[in-house]
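>>> What follows is a protein structure lacking sequence information:
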Ligand code: SF4
């Protein structure tokens, strides 16, 4: 007997992959579009990968244009931030703990943490911020610096790790906080006069923490419909249908098309954790530049755990890499293929911009999944 | 005997002899090796010969389903077998780190001896070097294998033809995920096990049943996706794969989706890809499924005229996309 019949969660996961369900939703999307076009942008790397990996992109009607925004934390990690990581990783007595996908992000001069590692820096891949705390406990003679990269989804767990380090009385653990906040970036995109996005597919994971409220301005101020979407093909299609129907009806709103995971009010506990340790501040985004109140720094009470304060790190804005159009890609002005470097000077083997580095970056997804 | 390896054991003197006789000869026992001449005299019963070599380094040395010792045997005998050959002789060279517990070395040697026996090959000559602590990571093993070719024509990566069926002998990604799980101590991944296994008997059964086999490959590093891309490039053909037909164990699928990995790029150590004329596909599948290592064999796709060098995947929901070659190592993701 099919095991999924007993497990409602597994049954649901199987259902959202179901070809017939998807075909039905595709018909609904075509009806809703009715000759109109839809230029939508997703702002989550997991969506980007799912749209390509599931083959959904090849099934979307020709009138739908798919753009990938700044949804991958690796892609938006600024040159200056990579420079700070390289600086810290190279210091005596420092163990630099990071999630694996940051290793290949090129900084100024094309150097990455992989190069630093090869040159002898102690760079350790961890799978959770708490692993980094454990690393600090195990290595009392060294200072562990954890690279805090990610959005509202990751920040609460990093906050929890700082609290855990404090509870354990660890003096050799700190966080280089490069966290970024999604709503301020969306605000900057929507306000860009050249932004041609007609609908936003909102990140399901971030919305589980934030809920819907921080996204409402998209509809109320910019008249752009938006839908929180899950990550299976049918989830994404459902969100697209909702957005197309809102556009057809001239009734833009921000809706939840992923209610099985996202509560309208989000996750108050995770937010409280994040707020206890972090406070918003300006942040540098690769391709988008400085966006006010779009990053998270450690609150002064946690200065002991703040690598920026402990090691005197200052981020210096660096000029954009010559020829790289990452900014235009992240803003949805061009698709990766329109970048003159795409697939030539810039490939996953030698990425020029970070959009080509991370597996969740839009250029990497085009390169990997779409026929050249 | 000491309980850990000293540099002396690589000196070529008595200490070396003791290591060879007490550890290796005991586990690899066979008349050719026991002569301890400078080289082994081989007497092929048929020719031509197939030869292959590979070096093995893996952390941890022991993992669910195998060890560096089983890998060092299976990896090389499988490479030899993919040419339609019966693997018969192996060489084996160790680079060992000073301080290695002898018990560890003994376990590895026993695994190699057992694996060689069950693969039907004799380890006929070898070498041992001991390097100072830190100069290598515990144990590095190189094995070379020689086998007698019985297939005519010899299966090759250059021989896939449009219209051929593409088969795989079983589930994908088990070895790669097991290594990652044991290396990184991912305790939630308890249900994964390496598929490390010798495939020569299965190859023999396929070739006997089908006669004409165009391509055989074991999709080790880089996994199925990379191997299919290599074949498509070498043969100047396209390959279309059907996602719904790809065998992947539930535990591997779950572990991969948690870590952001793709099982199609993870290494396998006991699987083969077989490409052959469409009308032989069923016979080949029957031969695979009759082997203990091929019960989950499946037909996964078709060779197409082109575009040359391109592997495309027909997805579960009926879309299509490239299945491209991996760049560098797969790294677990952030969010
Ligand atoms: S192709 Fe490379 S340089 Fe061009 S936008 Fe993408 S990442 Fe930047």
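Arrived safely. Bear in mind that the values here come from a model prediction, so they are computed numbers and not experimental data.

>>> Where do the helices of the stretch 201-350 of chain A begin and end?
A:204-210, A:217-222, A:233-248, A:268-277, A:307-310, A:326-330 (DSSP state H, counting those that start in this stretch).

>>> what's the second one packed up against?
The one in question is helix A:217-222. Contact partners of helix A:217-222 among helices and strands, from 3 or more Cβ pairs under 8 Å, 6 or more residues apart in numbering or on different chains; DSSP states H and E: helix A:182-191. All C-beta atoms are positioned from the backbone trio N, CA, C, and that covers glycine.

>>> quick one: buried residues of the helix it packs on?
By neighbour count on 16 or more other Cβ atoms under 10 Å in any protein chain shown, the buried set for helix A:182-191 is A:182-190.

>>> Once you drop chain neighbours, what's closest to the closest residue to the ligand within the stretch 1-150 of chain B?
Distance from the ligand to each residue of the stretch 1-150 of chain B (Cβ to the nearest ligand atom) is smallest for residue B:59, at 32.8 Å. Ranked by Cβ to Cβ, 6 or more residues apart in numbering or on different chains and with sequence neighbours excluded, the top spatial neighbour of residue B:59 is residue B:183, at 5.5 Å.

>>> Next: residue A:203.
Here the nearest residue to residue A:203 in space, its sequence neighbours aside, is residue A:44; by Cβ to Cβ, 6+ apart that works out to 3.4 Å.

>>> Local confidence estimate at the one you found?
Per-residue confidence (pLDDT) for residue A:44: 87.

>>> For the residue in the stretch 151-300 of chain B that the ligand sits nearest to, grab the count of nearby residues.
For the stretch 151-300 of chain B, the residue positioned closest to the ligand under Cβ to the nearest ligand atom is residue B:260, at a distance of 19.5 Å. Taking other Cβ atoms under 10 Å in any protein chain shown as the criterion, the count of residues near residue B:260 is 19.

>>> Looks like it contacts residue A:359 (just checking).
Yes - here residue B:260 reaches residue A:359: they are 7.1 Å apart, a contact under Cβ atoms under 8 Å.

>>> In chain B, where is pLDDT below threshold?
Residues of chain B that meet the criterion pLDDT under 70 lie in B:1-2, B:327-335.

>>> contact partners of stretch B:46-55?
Stretch B:46-55 is touched from outside by B:72, B:75-76, B:79-80, B:83-85, B:140-150, B:154, with contacts defined as Cβ atoms under 8 Å, 6 or more residues apart in numbering or on different chains.

>>> thought residue A:348 was touching residue A:364?
Yes - at 5.7 Å, residue A:348 counts as touching residue A:364 under the criterion of Cβ under 8 Å.

>>> Got the confidence number for the residue nearest in space to the middle of chain A?
The residue at the geometric middle of chain A, judged as the C-alpha nearest the mean C-alpha position with Cα atoms, centre = their mean, is residue A:72 (3.1 Å). At residue A:72, the pLDDT value in this model is 82.

>>> how far away is residue A:168 from chain B?
The spacing between residue A:168 and chain B, counted by Cβ to the nearest Cβ, to the nearest Å, is 20 Å.

>>> ok, and the closest non-adjacent residue to that residue?
Of all residues not flanking residue A:168 in the chain, residue A:137 sits nearest, at 6.5 Å (Cβ to Cβ, 6+ apart).

>>> Look at that neighbour and say how many residues are nearby.
Other residues within reach of residue A:137, judged by other Cβ under 10 Å, total 15.

>>> Now the element after the host helix or strand of it, going C-ward?
Remark: residue A:137 resides in helix A:129-138, with elements defined by DSSP states H and E. If you walk from helix A:129-138 toward the C-terminus, the next helix or strand you reach (DSSP H and E) is strand A:143-148.

>>> so where do the helices sit in the stretch 1-150 of chain B?
Going by DSSP H, counting those that start in this stretch, the stretch 1-150 of chain B shows helices at B:14-19, B:26-28, B:31-34, B:68-81, B:102-119.

>>> Would you pull up the residue in chain A closest to chain B?
Distances from chain A to chain B, computed as Cβ to the nearest Cβ, single out residue A:55 as the nearest residue at 2.2 Å.

>>> Could you pull up the residues touching the closest residue to residue B:57 other than its chain neighbours?
Counting by Cβ to Cβ, 6+ apart, residue B:57 lies nearest to residue B:140, which is 5.2 Å off, once chain neighbours are set aside. Contact criterion Cβ under 8 Å, 6+ apart gives B:55-57, B:94-96 as the residues in contact with residue B:140.

>>> Surely residue B:314 and residue A:59 touch.
No - taking Cβ under 8 Å as the definition, residue B:314 is not a contact partner of residue A:59, at 11.4 Å.

>>> What strands line up against the strand of greatest length in chain B, and which way round?
Taking residue count as the measure and DSSP state E as the definition, the longest strand of chain B comes out as strand B:85-97. With DSSP bridges as the test, strand B:85-97 is paired with strand B:122-131 (parallel), strand B:139-149 (antiparallel).

>>> out of residue A:348 and residue A:364, which sits in the busier spot?
A count of neighbours by other Cβ under 10 Å puts residue A:364 above the other of residue A:348 and residue A:364, at 28 against 21.

>>> Pull the contacting residues for the more buried one.
Under the criterion of Cβ under 8 Å, 6+ apart, the contact partners of residue A:364 comprise A:348, A:351, A:355-358.

>>> same thing but at 10 Å, please
Applying Cβ atoms under 10 Å, 6 or more residues apart in numbering or on different chains, one finds that residue A:364 lies in contact with A:45, A:48-49, A:52, A:72, A:74-75, A:336, A:346-348, A:351, A:354-358, B:327.

>>> and what of residue A:243?
For residue A:243, the contacting residues are A:29, A:32, A:38, A:40, A:198-202, A:224-227, A:229, A:252-253, A:255, A:257, by Cβ under 10 Å, 6+ apart.

>>> how deep is the closest residue to it other than its chain neighbours tucked in, by neighbour count?
With Cβ to Cβ, 6+ apart as the criterion, residue A:243 has its nearest non-adjacent residue at 4.0 Å, and that residue is residue A:199. Taking other Cβ under 10 Å as the criterion, the count of residues near residue A:199 is 24.

>>> Any idea what residue A:199 is bridged to?
Judged by DSSP bridges, the bridge partners of residue A:199 are residue A:40.

>>> isn't it right up against residue A:41?
Yes - contact criterion Cβ atoms under 10 Å: residue A:199 and residue A:41 qualify, at 7.7 Å.

>>> closest point of chain B to chain A, which residue?
Residue of chain B nearest chain A, by Cβ to the nearest Cβ: residue B:319 (2.2 Å).

>>> Contacts only, for that residue.
In this structure, residue B:319 makes contact with A:19, A:22, A:51-60, A:233, B:243, B:313, judged by Cβ under 10 Å, 6+ apart.

>>> Contact partners for residue A:153?
By Cβ under 10 Å, 6+ apart, residue A:153 lies in contact with A:44, A:46, A:73, A:179, A:182, A:203-210, A:267, A:270, B:334-335.

>>> about what we covered before: deepest in the core, which of the helices of the stretch 1-150 of chain B is it.
Using mean count of other Cβ atoms under 10 Å in any protein chain shown, the stretch among the helices of the stretch 1-150 of chain B with the greatest mean number of neighbours is helix B:68-81 (a mean of 28).
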